[in-house]
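**Student:** Got a sequence here, can you build the structure:
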Amino acid sequence: MRSGKAEVVTAKIERFTEHGIRLHGGGELEADIIVTATGLALRMGGKITITLGGKQADFRKRWFYRGCMFSNLPNFAVVFGYLNASWTLRADNNARYICNVLNLMERKGAQIAVPYLPEGHGLVEDSIYDEFSSGYIQRAKRGLPKSAPALPWRLNMDYFEDRKDFRDNPVDDGNLVFESMVERAGELA
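**Tutor:** Next up, the predicted model:
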């Protein structure tokens, strides 16, 4: 910080120089410290391959369910934080909700919980990702699940609405289907 103050500059770097960096398109920035960011690559489930019936799950064909599960994908939940608030706020909501799902599964004797969305469901997609200009969101949206305009099939960006949803609406809401392995084995026989 030769000038005694910090400055953040977002630009393409042409090359490093003896005293800083030369920017693409001209100009040189003197710098003691340079932090480069090549861009976050956001992927559902990280780099884990999620399969169902021996085939890789295509999240682009799925719908968010209560912000942490996905249509017709059993026993799988993630934390996809708020894009407009602290990531941990949704992590807290989701963790509490998934604990409630697991407790209900135990009471029902179920080993499978799947947010069921029938064919011809009539949901329309809400392009919630378009509201956010961050490069990592725009790059990732091609591989992210769909979001409906209303709960429970929405990746909501309102912590207080989500908290109310989780508090006031039951886990067993008619969309989340519970099965036991015994029932599933009977279907396969």
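
**Student:** wait, what's in contact with the residue positioned nearest the centre of the chain?
**Tutor:** The residue lying closest to the centre of the chain (Cα atoms, centre = their mean) is Phe80, at 3.1 Å. Listed by Cβ atoms under 8 Å, 6 or more residues apart in numbering, the contact set of Phe80 reads 44, 64, 67-68, 90, 155. C-beta coordinates here come from the backbone N, C-alpha and C atoms, glycine included.

**Student:** Okay, and the beta partners of Phe70?
**Tutor:** Phe70 has the following beta-bridge partners by DSSP bridges: Phe64.

**Student:** what's the neighbour count on the closest residue to Glu161 other than its chain neighbours?
**Tutor:** Distances taken as Cβ to Cβ, 6 or more residues apart in numbering place Leu151 nearest to Glu161, at 7.5 Å, with adjacent residues excluded. Using other Cβ atoms under 10 Å, Leu151 has 20 neighbouring residues.

**Student:** ditto for Lys164
**Tutor:** By other Cβ under 10 Å, 12 other residues sit near Lys164.

**Student:** Could you pull up the residues touching the residue nearest to Glu161?
**Tutor:** Applying Cβ under 8 Å, 6+ apart to Leu151 gives the contacts 66, 161, 165, 169.
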